[in-house]
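Engineer: How does the following fold in three dimensions:
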Amino acid sequence: SKNILKGIIAAKKKGAFVVALTNAKGGKMNDMDIDFLIKTPSVDTARVQEAHITIMHVTSSLLEKELFQKKRFT
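Structural biologist: Sure, this is the predicted structure:
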């Protein structure tokens, strides 16, 4: 959607690292300054949404483990 594309542009202007999830085609995001574009290998909306949910759960779990559960020795 236009709001997502505008959000990407605004984030990049602020120096943010941008990760985007798309379907197999990628759409307009193919031509944007996106640091990490994850294309789900389908164009079926339901399958793409299922894959995106799984990707987000795995990503969140890994970030939580890295940021909050990592044992630090002093």
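Engineer: Now the helix ranked longest in the chain: buried residues?
Structural biologist: Criterion DSSP state H: the longest helix present in the chain is helix 45-68. Judged by neighbour count (16 or more other Cβ atoms under 10 Å), helix 45-68 contains these buried residues: 48, 51. Backbone N, C-alpha and C define where each C-beta goes, glycine included.
Engineer: Counting by contacts, list what it packs against.
Structural biologist: Contact here means 3 or more Cβ pairs under 8 Å, 6 or more residues apart in numbering; DSSP states H and E; on that basis helix 45-68 packs against strand 19-22.
Engineer: Now do the strand it packs on: distance to the chain's middle.
Structural biologist: Relative to its chain's centre, strand 19-22 lies at 4 Å (Cα atoms, centre = their mean, to the nearest Å).
Engineer: Can I get it in PDB, CA atoms only?
Structural biologist: Output in PDB follows, covering the C-alpha atoms of strand 19-22 (Å, rounded to 0.1, in the frame of the first residue of the first chain):
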ATOM      1  CA  VAL A  19      13.400  -5.300   6.500                       C
ATOM      2  CA  ALA A  20      10.300  -6.000   4.400                       C
ATOM      3  CA  LEU A  21       8.200  -9.100   3.800                       C
ATOM      4  CA  THR A  22       6.500  -9.500   0.400                       C
END
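Engineer: who's in contact with the helix or strand of the chain with the lowest mean pLDDT?
Structural biologist: In the chain, the helix or strand scored least confidently by mean pLDDT, DSSP states H and E is helix 45-68, which has a mean of 95. Residues outside helix 45-68 that contact it (Cβ atoms under 8 Å, 6 or more residues apart in numbering) are 21, 23, 38, 40, 42.
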